[in-house]
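everything below, folded, please.
(4 chains)
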There are 4 protein chains.
Amino acid sequence: MNKKIKAVVITPDNYKNKSNFPVLYILHGHSRNYATWITYAPSLKDMSDQYGIIMVCPDGNYSSWYLDSPLLPQWKYETYIANELVGWIDNSYKTIKDKGGRGITGLSMGGHGALYLAIRYQDVFGAVGSMSGGVDFRPFPEKWGIAEKLGAYNTHKENWDNHVVINMVSQIKPGLKLIIDCGIDDFFYPVNEALHSVLLANKIPHDYISRPGKHDWEYWGNAIYYQVLFMSRYFKMSEG
Amino acid sequence: MNKKIKAVVITPDNYKNKSNFPVLYILHGHSRNYATWITYAPSLKDMSDQYGIIMVCPDGNYSSWYLDSPLLPQWKYETYIANELVGWIDNSYKTIKDKGGRGITGLSMGGHGALYLAIRYQDVFGAVGSMSGGVDFRPFPEKWGIAEKLGAYNTHKENWDNHVVINMVSQIKPGLKLIIDCGIDDFFYPVNEALHSVLLANKIPHDYISRPGKHDWEYWGNAIYYQVLFMSRYFKMSEG
Amino acid sequence: MNKKIKAVVITPDNYKNKSNFPVLYILHGHSRNYATWITYAPSLKDMSDQYGIIMVCPDGNYSSWYLDSPLLPQWKYETYIANELVGWIDNSYKTIKDKGGRGITGLSMGGHGALYLAIRYQDVFGAVGSMSGGVDFRPFPEKWGIAEKLGAYNTHKENWDNHVVINMVSQIKPGLKLIIDCGIDDFFYPVNEALHSVLLANKIPHDYISRPGKHDWEYWGNAIYYQVLFMSRYFKMSEG
Amino acid sequence: MNKKIKAVVITPDNYKNKSNFPVLYILHGHSRNYATWITYAPSLKDMSDQYGIIMVCPDGNYSSWYLDSPLLPQWKYETYIANELVGWIDNSYKTIKDKGGRGITGLSMGGHGALYLAIRYQDVFGAVGSMSGGVDFRPFPEKWGIAEKLGAYNTHKENWDNHVVINMVSQIKPGLKLIIDCGIDDFFYPVNEALHSVLLANKIPHDYISRPGKHDWEYWGNAIYYQVLFMSRYFKMSEG
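Numbering: from 1, shown residues only, chains lettered A, B, ... in the order given. So this is what the prediction gives:
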């Protein structure tokens, strides 16, 4: 995209002593920005040190949904994250430059975004997580600026059908590692339960966690620990 | 379609005494034909009498999946059932000639077919049922002649994604009445559970029944009673 | 019980012409009485005629929960329904006098009651149904006069544990036929989902139906049709 | 119990430098012993170091099910673990001597055991986990030596009903932290799904994880990481 977009990059404390680090991309939710994760979950720094993972918190705009809009040609957040940002990070940091060293996760809009991007770029990301993800946003046609990117739901259902993660399971290839969680009092709980059912029926391996909790930072401040643990185990196994 | 296709038509015993009857279309499963339903479930005749419903058992070929094939131009079972057959029945019998007097149900391939047709022709059918339906057949890419109609799964995923009922929920408009059932030991149970979850998450009203049983006539011979009851209640309410 | 208790008895229109009829006991909910069912669901009369079933609507008091209270010696609704009333009906009407000709169902408090009685008297009742049943009432410790019969929840948990249907599945013997339903917007939906899960895990065959709807007569006025159909099929199979 | 019972105790590498450590009790499965966990999951040592947790792997005999048998007076594994062993550990090691510093988890028989003990000794254990737990063993009446401890299922159902965790949810008080997981191809998956449903219906907060996997060490070698993370977070919050 032809504009400057900020990102937070966290390097582990032993960054100088080793040559190649795995990278975890962590996407924020609607109406937030690149600084939100490190502000609300400063424990990311400790996890980065503990597991030796570079963490990248991109900016997904107020409501990008991390996709390339079929209506707005200049709206290319999918391309930005999966191509431009990953390329820039790989050039600028001592990263493992293959999918065995790249994971992506996020919360809410960013949970959907992480799954959407990982499924469409399975050569780029080897593991993907979603916290409280909006994995099917068709039940919420008026919310969160989605209609701006995809068209009004009533008139552009095909766009919506083609962009919700729950309709993309046939594209998941063996090898992609998935961890999906949601709080039972979250308004996205039913769509996560549905995604879990569809994945089960289609025999797509995935970790699925339901927990007490709502759509808030009390939930995500806890959930992120399990997401990072999952990613650290994936990175370790990929190293062999 | 440019060929003769047979169908069984059951008229209620009071057919001569009344002027307009609702019609229930009942679709058979893979490798069966128009005569299968009346052979295995002769109780249909009693139900027709009891509820005053005309029943039509079309022929869906050995493995039509009741769709118009995007690969084989002459394969037009969707058009045949929803247009040609319905038109012919309405011309030939004393039917209620609107969706308030038309329901469609079926088993297995026919359960998927009924949902597929009802969702695509909501002006034709007002109520739809599925027994042990193959409502997501992507987990079975090699089976039942589907690849012949849609292309091999690996190379034609988009065709498959566009034809499985589980991906069509956004097309369901308020008003369509749905009843979906499956036996817990059926190989289609997980996909029916998944469809149920997706319908719940998308707030689409539907009756959902799980029962003891497998993919066999012991199951369907029982299930059809509940399907016909559901339809009879729909027809009665439509009459007002 | 040493008091007069009223009941509604519905006989089918062919009562005079046949010798033995199956009987369906239908229990009302909290704060209602013997007359509630026939008032709100007058279609029971048609169903009685159609299927040839005697229907008995007992009085379960304002809040009997259809049990013998371990605290109040004179509170013996379990004994009343399963022994005294059944005996009186069998003496007074042309009934089939074994469990193959007896079913019991009910709504809410009566759904729990039907399951509770059928499980404890499997020699009396051969088939049982529950509509919107309070199949686990421990999440509602202050409600519906339960504490009066079982003791306060905090101090008498054992009584509660021993009287909720969800804890009684080990007592269900092969042969008892079960049909359980609930509306997805009912406050009893989670406990019915839980009972369904526990029955599945314990491999106890049962029909389970979830439908649109709440805890109201719009729901029950429809649900009763399916309950009676289920019972009629059980009675027919028992006759052989 | 009047016999010597072995246990493995793992102390973190900074044991000398600090005064009080939380303790995690980890129970083995049927036919295994105190040495099984450290043999198959040597990563426990790293986790002990990383989180500063003492880990205790007791011996639960070939098939104790971690309970006091109502039939065999000398069979007192419940008393042994919850009283004797905890007392001995607290006397012998620098432990935090209250429930805020004690967790218990286990696999299979030990998953049931952990839940059973934690629910019955909520003053002793503040957090509990279960991996692939046999949380309702009534569907398996002939297996794993249970009948030896509780009596044959057919003749001693009450003993079984009173000892399965799924029937003990009413005893769970606010404050106990629970994490329950199971592999979707495990024979204990349906009973874990059922426990999850019962806990949800009874509004008892709990983490619930379903994952790919069977009843084997590939599953547990991974699951234990998430269990220990959960416990470490509980211990940290208890410290305040």
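
what's the neighbour count on A:P12?
By the criterion of other Cβ atoms under 10 Å in any protein chain shown, A:P12 has 20 neighbours. Every C-beta, even on glycine, is put in place using the N, C-alpha and C of the backbone.

again with A:L178
22.

the host helix or strand of it and chain C in contact?
Assigned by DSSP states H and E, A:L178 falls within strand A:177-183. No: using Cβ under 8 Å from any Cβ of the partner chain, strand A:177-183 never reaches chain C; the gap is at least 15.9 Å.

leaving out chain neighbours, which residue sits closest to A:E193?
B:S197 (5.7 Å; Cβ to Cβ, 6 or more residues apart in numbering or on different chains).

what angle do the longest helix along chain A and helix D:217-239 make?
Determined from DSSP state H, the single longest helix within chain A is helix A:217-239. Orientation check (axes from the mean of the first three to the mean of the last three Cα atoms, to 10 degrees): helix A:217-239 against helix D:217-239 gives 140 degrees.

helix/strand/coil for A:I26?
What DSSP: H, G, I helix; E, B strand; the rest coil gives for A:I26 is strand.

beta-bridge partners for it, please?
Beta-bridge partners for A:I26, by DSSP bridges, are A:T105.

how long is stretch A:34-53 end to end?
The straight-line separation of the ends of stretch A:34-53 (Cα to Cα, to the nearest Å) is 18 Å.

give me the mean pLDDT for that stretch.
Averaged over stretch A:34-53, pLDDT sits at 97.

and if you look at stretch A:66-76?
Stretch A:66-76 carries an average pLDDT of 93.

quick one: is it near chain B?
No: on the criterion Cβ under 8 Å from any Cβ, stretch A:66-76 is out of touch with chain B, staying 15.7 Å away.

how far out from the middle of the chain is that stretch?
18 Å (Cα atoms, centre = their mean, to the nearest Å).

contact residues of chain A facing chain D?
Of all the residues in chain A, those lying near chain D are A:50, A:184, A:196, A:200, A:205-212, A:222, A:225-226, A:229, A:233, going by Cβ under 8 Å from any Cβ.

please pick the buried ones from the residues you listed.
For those, a neighbour count by 16 or more other Cβ atoms under 10 Å in any protein chain shown gives the buried set as A:184, A:196, A:200, A:205-212, A:222, A:225-226, A:229, A:233.

ok so, going back, among the residues of chain A next to chain D, which ones lie close to chain B?
A:H196, A:L200.

give me the pLDDT for the residue nearest to the spatial centre of chain A.
In chain A, the C-alpha nearest the mean C-alpha coordinate belongs to A:A114, at 2.3 Å (Cα atoms, centre = their mean). Looking at A:A114, its pLDDT is 98.

ok, it touching A:S130?
Yes: using Cβ atoms under 8 Å, A:A114 is in contact with A:S130, at 5.7 Å.

what is in contact with these two at once?
Overlap of the contact sets of A:A114 and A:S130 (by Cβ atoms under 8 Å, 6 or more residues apart in numbering or on different chains) consists of A:T105, A:G106.

could I get the full set of helices for chain A?
A:36-40, A:43-51, A:77-79, A:86-92, A:109-120, A:146-150, A:157-163, A:189-201, A:217-239.

which of those sits most buried?
With neighbours defined as mean count of other Cβ atoms under 10 Å in any protein chain shown, the helices of chain A peak in mean count at helix A:109-120, which reaches a mean of 28.

and which of the buried ones among the residues of chain A next to chain D is nearest chain B?
The shortest gap between chain B and any of those belongs to A:L200, at 6.0 Å (Cβ to the nearest Cβ).

mind pulling up the pLDDT for that closest one?
For A:L200, the pLDDT comes out at 98.

now it. Nearest residue, chain neighbours left out?
With Cβ to Cβ, 6+ apart, the residue lying closest to A:L200 is B:P190, at 6.0 Å.

kindly report the same for A:K177.
Using Cβ to Cβ, 6+ apart and skipping residues adjacent in sequence, the residue nearest A:K177 is A:A127, 4.0 Å away.

do A:Y153 as well
Here the residue nearest A:Y153, using Cβ to Cβ, 6+ apart, is A:P141, at 3.5 Å.

surely the one you found and A:A147 touch.
Yes: counting by Cβ under 8 Å, A:P141 touches A:A147, with 6.8 Å between them.

now list whatever residues contact both of these two.
Residues touching both A:P141 and A:A147 by Cβ under 8 Å, 6+ apart: A:Y153.

okay, A:F140: pLDDT?
For A:F140, the model assigns a pLDDT of 95.

can you pull the contacts of it?
A:G134, A:I146.

so how many other residues sit close to A:K94?
14.

tell me the spacing between it and chain B.
For A:K94, the distance to chain B (Cβ to the nearest Cβ, to the nearest Å) stands at 37 Å.

could you verify my assumption that that residue touches A:N14?
No: the criterion here is Cβ under 8 Å, and A:K94 misses it with A:N14 at 11.1 Å.

what residues does chain A have near chain B?
For chain A, the residues in contact with chain B (Cβ under 8 Å from any Cβ) are A:136, A:138-139, A:157, A:160-161, A:166-167, A:169-171, A:190-191, A:193-194, A:196-198, A:200-203.

ok, now which ones touch A:Q50?
Shown in contact with A:Q50 (Cβ under 8 Å, 6+ apart): D:Q50.

how about A:D59?
With contacts taken as Cβ under 8 Å, 6+ apart, A:D59 has the following neighbours: A:I5, A:K6, A:A7, A:H28, A:N33, A:Y34.

how about 6 Å then?
For A:D59, the contact set (Cβ atoms under 6 Å, 6 or more residues apart in numbering or on different chains) comprises A:I5, A:K6, A:N33, A:Y34.

mind giving me the PyMOL command for buried ones among those residues?
Buried residues within the contacts of A:D59, by 16+ other Cβ under 10 Å, are selected in PyMOL with:
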select buried, chain A and resi 5+33+34
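
just the closest of the contacts of A:D59 to A:L71, please.
Nearest to A:L71, judged by Cβ to Cβ, of those is A:I5 at 20.4 Å.

isn't A:A223 up against A:M131?
Yes: using Cβ atoms under 6 Å, A:A223 is in contact with A:M131, at 4.6 Å.

what do these two both touch?
Taking Cβ under 6 Å, 6+ apart as the contact rule, A:A223 and A:M131 both touch A:D181.

sorry, back to before: so who does the residue nearest to A:E193 touch?
Listed by Cβ under 6 Å, 6+ apart, the contact partners of B:S197 are A:E193, A:A194, A:S197.

out of the contacts of A:D59, which comes closest to B:L72?
For those, the closest approach to B:L72 (Cβ to Cβ) belongs to A:I5, at 48.2 Å.

confidence score at that closest one?
A:I5 is assigned a pLDDT of 89 by the prediction.

surely A:V191 touches B:A201?
Yes: in this structure, A:V191 is within contact of B:A201 by Cβ under 6 Å, at 4.6 Å.

excluding chain neighbours, what is closest to A:H28?
Leaving aside its chain neighbours, A:H28 sits nearest to A:T36 (4.5 Å; criterion: Cβ to Cβ, 6+ apart).
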